[in-house]
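> Just need the structure, nothing else, for what follows:
(one chain, ligands or ions: 1)
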Amino acid sequence: MIEDTYRHKGLRNNLVKEIAALGVTDQKVLEALRKVPRHAFLPSAFLQYAYVNKAVNIGAGQTISHPYTVALQSQLLRIEPGMKVLEVGTGSGYQTSILCELGAKVYSIERKRVLLVGANQILADQGYTAKLTFGDGFKGWPAYAPFDRIIITCAAPRLPEELMIQLRPGGRIVVPYGEGSVQEMMTIDETESGEFVSEIHGTFTFVPMLEKRSSIG
Ligand code: SAH
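As a prediction, this is how the structure comes out:
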(Lines give C-alpha, C1' and ligand atoms only; values in the text may rest on other atoms or scores of the structure.)
Protein backbone atom coordinates (compact mmCIF):
# COMPACT_ATOMS: atom_id res chain seq x y z
CA MET A 1 0.00 0.00 0.00
CA ILE A 2 1.28 3.47 -0.91
CA GLU A 3 2.53 5.62 1.97
CA ASP A 4 0.36 8.50 3.18
CA THR A 5 2.78 10.88 4.88
CA TYR A 6 2.17 14.00 7.00
CA ARG A 7 3.28 15.98 3.96
CA HIS A 8 0.55 14.36 1.83
CA LYS A 9 -2.01 15.04 4.55
CA GLY A 10 -0.92 18.66 4.79
CA LEU A 11 -1.16 19.16 1.03
CA ARG A 12 -4.58 17.52 1.07
CA ASN A 13 -5.82 19.81 3.86
CA ASN A 14 -4.77 22.84 1.85
CA LEU A 15 -6.48 21.51 -1.26
CA VAL A 16 -9.69 20.93 0.71
CA LYS A 17 -9.56 24.51 2.01
CA GLU A 18 -9.23 25.70 -1.57
CA ILE A 19 -12.22 23.59 -2.63
CA ALA A 20 -14.30 24.91 0.28
CA ALA A 21 -13.37 28.46 -0.74
CA LEU A 22 -14.66 27.67 -4.24
CA GLY A 23 -18.08 27.01 -2.71
CA VAL A 24 -18.31 23.34 -1.73
CA THR A 25 -20.06 23.38 1.65
CA ASP A 26 -21.01 19.75 2.30
CA GLN A 27 -18.86 18.79 5.30
CA LYS A 28 -19.15 15.06 4.62
CA VAL A 29 -17.79 15.58 1.11
CA LEU A 30 -14.94 17.74 2.40
CA GLU A 31 -14.16 15.14 5.06
CA ALA A 32 -14.03 12.37 2.41
CA LEU A 33 -11.63 14.46 0.30
CA ARG A 34 -9.47 15.03 3.36
CA LYS A 35 -9.34 11.31 3.99
CA VAL A 36 -8.66 9.67 0.60
CA PRO A 37 -4.98 9.68 -0.50
CA ARG A 38 -5.51 11.04 -4.02
CA HIS A 39 -1.86 10.38 -4.85
CA ALA A 40 -2.57 6.63 -4.69
CA PHE A 41 -4.83 6.98 -7.74
CA LEU A 42 -2.29 8.66 -10.03
CA PRO A 43 0.48 7.16 -12.17
CA SER A 44 3.83 7.70 -10.43
CA ALA A 45 5.04 10.20 -13.08
CA PHE A 46 2.28 12.62 -12.07
CA LEU A 47 2.43 12.38 -8.29
CA GLN A 48 3.46 16.00 -7.89
CA TYR A 49 0.05 17.00 -9.26
CA ALA A 50 -1.96 14.92 -6.81
CA TYR A 51 -2.85 17.90 -4.60
CA VAL A 52 -3.15 20.59 -7.24
CA ASN A 53 -6.62 21.52 -8.38
CA LYS A 54 -6.35 20.20 -11.92
CA ALA A 55 -7.17 17.23 -14.10
CA VAL A 56 -4.28 14.78 -14.55
CA ASN A 57 -3.52 12.10 -17.16
CA ILE A 58 -4.21 8.58 -16.00
CA GLY A 59 -3.33 6.80 -19.28
CA ALA A 60 -5.48 5.54 -22.16
CA GLY A 61 -6.07 9.16 -23.15
CA GLN A 62 -8.18 9.77 -20.02
CA THR A 63 -7.90 12.07 -17.02
CA ILE A 64 -8.75 11.96 -13.32
CA SER A 65 -11.22 14.85 -12.80
CA HIS A 66 -10.23 18.08 -11.00
CA PRO A 67 -10.62 17.63 -7.24
CA TYR A 68 -13.10 20.53 -7.25
CA THR A 69 -15.19 18.80 -9.91
CA VAL A 70 -15.20 15.56 -7.91
CA ALA A 71 -16.24 17.52 -4.82
CA LEU A 72 -19.03 19.38 -6.60
CA GLN A 73 -20.45 16.28 -8.29
CA SER A 74 -20.31 14.46 -4.94
CA GLN A 75 -22.12 17.33 -3.21
CA LEU A 76 -24.79 17.48 -5.92
CA LEU A 77 -25.43 13.75 -5.49
CA ARG A 78 -26.72 14.26 -1.90
CA ILE A 79 -25.70 10.78 -0.85
CA GLU A 80 -27.00 9.16 2.28
CA PRO A 81 -25.30 6.08 3.73
CA GLY A 82 -26.49 2.83 2.18
CA MET A 83 -27.65 4.35 -1.10
CA LYS A 84 -26.98 2.43 -4.31
CA VAL A 85 -24.94 4.63 -6.62
CA LEU A 86 -24.08 3.91 -10.25
CA GLU A 87 -20.97 5.62 -11.59
CA VAL A 88 -20.26 5.82 -15.32
CA GLY A 89 -16.53 6.23 -15.98
CA THR A 90 -14.47 4.57 -13.23
CA GLY A 91 -11.24 6.03 -14.65
CA SER A 92 -8.68 6.13 -11.84
CA GLY A 93 -11.19 5.01 -9.21
CA TYR A 94 -10.74 8.24 -7.22
CA GLN A 95 -14.36 9.42 -7.49
CA THR A 96 -15.41 5.83 -6.68
CA SER A 97 -13.44 5.97 -3.42
CA ILE A 98 -15.07 9.27 -2.43
CA LEU A 99 -18.52 7.75 -3.00
CA CYS A 100 -17.49 4.78 -0.81
CA GLU A 101 -16.35 7.19 1.92
CA LEU A 102 -19.79 8.81 1.79
CA GLY A 103 -21.28 5.43 2.64
CA ALA A 104 -22.65 4.55 -0.79
CA LYS A 105 -22.81 1.07 -2.26
CA VAL A 106 -20.99 1.83 -5.48
CA TYR A 107 -21.41 0.17 -8.87
CA SER A 108 -19.00 1.59 -11.43
CA ILE A 109 -18.68 1.03 -15.19
CA GLU A 110 -15.57 1.71 -17.29
CA ARG A 111 -15.25 1.23 -21.06
CA LYS A 112 -11.42 1.06 -21.12
CA ARG A 113 -10.21 -2.29 -19.85
CA VAL A 114 -6.74 -1.09 -18.85
CA LEU A 115 -8.21 1.61 -16.57
CA LEU A 116 -10.69 -0.76 -15.00
CA VAL A 117 -7.92 -3.21 -14.10
CA GLY A 118 -5.83 -0.40 -12.56
CA ALA A 119 -8.71 1.10 -10.58
CA ASN A 120 -9.73 -2.31 -9.31
CA GLN A 121 -6.25 -2.86 -7.88
CA ILE A 122 -5.94 0.58 -6.28
CA LEU A 123 -9.41 0.44 -4.69
CA ALA A 124 -8.64 -3.00 -3.25
CA ASP A 125 -5.27 -1.77 -1.93
CA GLN A 126 -7.01 1.16 -0.26
CA GLY A 127 -9.62 -1.12 1.29
CA TYR A 128 -12.66 0.03 -0.71
CA THR A 129 -15.27 -2.46 -1.82
CA ALA A 130 -17.03 -1.20 -4.91
CA LYS A 131 -18.38 -3.38 -7.70
CA LEU A 132 -16.67 -2.58 -10.98
CA THR A 133 -17.46 -3.77 -14.48
CA PHE A 134 -15.98 -3.48 -17.95
CA GLY A 135 -18.88 -2.21 -20.01
CA ASP A 136 -20.67 0.61 -21.81
CA GLY A 137 -22.21 3.15 -19.47
CA PHE A 138 -24.86 4.05 -22.04
CA LYS A 139 -26.41 0.70 -21.18
CA GLY A 140 -26.13 1.16 -17.40
CA TRP A 141 -26.01 -1.93 -15.20
CA PRO A 142 -29.52 -3.42 -15.30
CA ALA A 143 -28.63 -6.38 -13.07
CA TYR A 144 -28.28 -4.02 -10.06
CA ALA A 145 -30.95 -1.44 -10.94
CA PRO A 146 -32.74 0.54 -9.69
CA PHE A 147 -30.17 3.02 -8.37
CA ASP A 148 -30.78 5.84 -5.87
CA ARG A 149 -28.18 7.98 -7.58
CA ILE A 150 -26.32 7.97 -10.91
CA ILE A 151 -23.14 9.95 -11.54
CA ILE A 152 -21.66 10.29 -15.01
CA THR A 153 -18.02 11.40 -15.01
CA CYS A 154 -17.63 11.93 -18.77
CA ALA A 155 -19.36 14.38 -21.11
CA ALA A 156 -22.70 12.91 -22.17
CA PRO A 157 -23.76 13.98 -25.69
CA ARG A 158 -27.34 12.92 -24.87
CA LEU A 159 -29.19 11.66 -21.82
CA PRO A 160 -28.90 7.87 -21.92
CA GLU A 161 -32.43 6.50 -21.81
CA GLU A 162 -31.32 3.28 -20.14
CA LEU A 163 -29.94 5.27 -17.21
CA MET A 164 -33.19 7.19 -16.80
CA ILE A 165 -34.98 3.82 -16.65
CA GLN A 166 -32.50 2.48 -14.09
CA LEU A 167 -33.00 5.45 -11.73
CA ARG A 168 -35.37 4.95 -8.81
CA PRO A 169 -38.31 7.37 -8.49
CA GLY A 170 -37.12 9.99 -6.01
CA GLY A 171 -33.57 9.51 -7.34
CA ARG A 172 -31.08 11.90 -8.89
CA ILE A 173 -28.64 11.86 -11.82
CA VAL A 174 -25.61 14.18 -11.92
CA VAL A 175 -24.30 14.51 -15.46
CA PRO A 176 -21.98 16.84 -17.39
CA TYR A 177 -24.19 17.37 -20.40
CA GLY A 178 -23.11 18.45 -23.86
CA GLU A 179 -20.60 17.92 -26.63
CA GLY A 180 -17.48 19.87 -27.53
CA SER A 181 -15.09 21.51 -25.10
CA VAL A 182 -17.55 22.71 -22.45
CA GLN A 183 -20.39 20.94 -20.66
CA GLU A 184 -23.12 22.05 -18.31
CA MET A 185 -23.32 20.24 -15.00
CA MET A 186 -26.88 19.05 -14.83
CA THR A 187 -28.89 17.42 -12.07
CA ILE A 188 -31.96 15.43 -13.06
CA ASP A 189 -34.40 14.55 -10.31
CA GLU A 190 -37.06 11.93 -10.82
CA THR A 191 -40.15 12.75 -8.80
CA GLU A 192 -42.03 9.99 -6.99
CA SER A 193 -44.59 10.14 -9.79
CA GLY A 194 -41.91 9.55 -12.44
CA GLU A 195 -41.43 13.06 -13.85
CA PHE A 196 -37.93 14.36 -14.57
CA VAL A 197 -36.86 17.83 -13.41
CA SER A 198 -33.48 19.23 -14.46
CA GLU A 199 -31.28 22.06 -13.20
CA ILE A 200 -27.92 23.49 -14.32
CA HIS A 201 -24.96 24.08 -11.97
CA GLY A 202 -22.22 25.78 -13.99
CA THR A 203 -19.89 24.76 -16.79
CA PHE A 204 -17.11 22.18 -16.75
CA THR A 205 -14.88 20.27 -19.16
CA PHE A 206 -14.86 16.48 -19.32
CA VAL A 207 -13.51 13.80 -21.64
CA PRO A 208 -16.30 12.52 -23.89
CA MET A 209 -18.67 9.68 -23.07
CA LEU A 210 -18.14 7.20 -25.91
CA GLU A 211 -20.19 4.25 -27.10
CA LYS A 212 -18.99 0.66 -26.72
CA ARG A 213 -16.25 -0.69 -24.51
CA SER A 214 -12.63 -0.83 -25.65
CA SER A 215 -9.82 -3.26 -24.84
CA ILE A 216 -7.21 -1.20 -26.69
CA GLY A 217 -5.24 1.58 -24.93
N1 SAH B 1 -14.32 9.18 -12.27
C2 SAH B 1 -13.04 9.18 -12.95
C3 SAH B 1 -13.03 10.14 -14.12
C4 SAH B 1 -12.30 9.54 -15.27
S5 SAH B 1 -12.52 10.38 -16.81
C6 SAH B 1 -11.92 9.48 -11.96
O7 SAH B 1 -12.20 9.88 -10.83
O8 SAH B 1 -10.75 9.27 -12.31
C9 SAH B 1 -13.97 9.61 -17.46
C10 SAH B 1 -13.90 8.13 -17.73
O11 SAH B 1 -15.11 7.76 -18.41
C12 SAH B 1 -12.76 7.66 -18.65
O13 SAH B 1 -12.00 6.71 -17.95
C14 SAH B 1 -13.47 7.05 -19.85
O15 SAH B 1 -12.80 5.92 -20.38
C16 SAH B 1 -14.83 6.67 -19.27
N17 SAH B 1 -15.93 6.52 -20.23
C18 SAH B 1 -16.20 7.25 -21.33
N19 SAH B 1 -17.32 6.79 -21.96
C20 SAH B 1 -17.77 5.74 -21.21
C21 SAH B 1 -18.87 4.83 -21.31
N22 SAH B 1 -19.75 4.89 -22.33
N23 SAH B 1 -19.01 3.89 -20.37
C24 SAH B 1 -18.15 3.79 -19.34
N25 SAH B 1 -17.08 4.60 -19.18
C26 SAH B 1 -16.89 5.56 -20.09
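> hey, let's count contacts and neighbours off CA atoms from now on
Noted.
> Please, which helix or strand holds M185?
M185 belongs to strand 183-190 when assigned by DSSP states H and E.
> and that strand with the ligand, contact?
No. Shown here: strand 183-190 not in contact with the ligand (Cα under 6 Å from any ligand atom), separated by at least 13.4 Å.
> just for the chain, where's the confidence low?
Applying pLDDT under 70 to the chain picks out residues 217.
> picking that back up, for whichever helix or strand comes after the strand holding M185, which helices and strands make contact with it?
Taking DSSP H and E as the definition, the helix or strand that follows strand 183-190 towards the C-terminus is strand 196-204. For strand 196-204, the contact count by 3 or more Cα pairs under 8 Å, 6 or more residues apart in numbering; DSSP states H and E identifies strand 183-190 as packing neighbours.
> can you give me how far the strand it packs on is from the chain middle?
Taking Cα atoms, centre = their mean, to the nearest Å, the mean C-alpha location of strand 183-190 is offset from the chain mean by 14 Å.
> now that strand against strand 196-204, angle please.
Computed with axes from the mean of the first three to the mean of the last three Cα atoms, to 10 degrees, the direction of strand 183-190 lies at 160 degrees from that of strand 196-204.
> Does anything pack onto strand 183-190? Which helices or strands?
If you count contacts as 3+ Cα pairs under 8 Å, 6+ apart, strand 183-190 packs onto strand 167-177, strand 196-204.
> Name the residues that touch it?
Applying Cα atoms under 8 Å, 6 or more residues apart in numbering, the contact partners of strand 183-190 are 76, 155, 167-178, 196-206.
> please redo it, this time with the cut-off set to 10 Å
Applying Cα atoms under 10 Å, 6 or more residues apart in numbering, the external contacts of strand 183-190 come out as 69, 72-73, 76-77, 149-151, 154-157, 159, 164, 167-178, 195-208.
> Now restrict the residues you listed to buried residues only.
Burial of these was assessed by neighbour count (16 or more other Cα atoms under 10 Å); the buried members are 69, 72-73, 76-77, 149-151, 154-156, 164, 167-169, 171-178, 196, 205-208.
> overlap between the contacts of strand 183-190 and the residues near the ligand?
With Cα under 6 Å from any ligand atom as the criterion, the subset of these in contact with the ligand comprises C154, V207, P208.
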